[in-house]
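Colleague: sequence and predicted structure are below.
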Amino acid sequence: MHRRLASRPGVATLLLALGAVAGCASSAAESWTKPGATKEQVNKDSADCLFAAQSVMPGGREGPAITVDQVQYRQCMINRGYSAGPSK
């Protein structure tokens, strides 16, 4: 019997945490552009790169902490054909 991943409470918490970290994944002073990319594609690629660049560090009483390697995140976006520019 297979259970859906999203039905597990821990997965929902992790997804919420990833969403919170996503806002910190790139500087507020930059946005990503790619000719022909839709907003949905940019968001998906950004989320994929964010996931690839994250690490979960064990924590004390506060629990685990999610960190994002900014250099790895930016390089992932560049490797997918995006350019960083000033935020609109």
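Modeller: Done, it's in.
Colleague: for this structure, what are the low-confidence residue spans?
Modeller: For the chain, residues meeting the criterion pLDDT under 70 lie at 1-29, 88.
Colleague: contacting residues for the residue nearest to Thr67 when sequence neighbours are not counted?
Modeller: In space, Thr67 comes closest to Ser55 once its chain neighbours are excluded; the distance is 5.1 Å by CB to CB, 6 or more residues apart in numbering. Bear in mind the C-beta positions are built from the backbone N, C-alpha and C, glycine included. Counting by CB atoms under 8 Å, 6 or more residues apart in numbering, Ser55 makes contact with 66-69.
Colleague: need the helices for this structure, in chain order.
Modeller: With DSSP state H applied, the chain shows helices at 9-22, 39-53, 70-79, listed in chain order.
Colleague: show the contacting residues for Ala37.
Modeller: Ala37 touches 45, 81-82, counting by CB under 8 Å, 6+ apart.
Colleague: please apply the same query to Thr38.
Modeller: Thr38 touches nothing, counting by CB under 8 Å, 6+ apart.
Colleague: let me know the distance separating it from Lys44.
Modeller: Using CB to CB, to the nearest Å, Thr38 is found at 9 Å from Lys44.
Colleague: then Met57?
Modeller: For Met57 relative to Lys44 (CB to CB), the value is 26 Å.
Colleague: neighbour count: the two, which is higher?
Modeller: Set side by side, Met57 and Lys44 give different neighbour counts by other CB atoms under 10 Å, the larger being at Lys44 (12 against 8).
Colleague: partners of Glu30 in the sheet?
Modeller: Residues found in beta-bridge contact with Glu30 (criterion: DSSP bridges) are Pro86.
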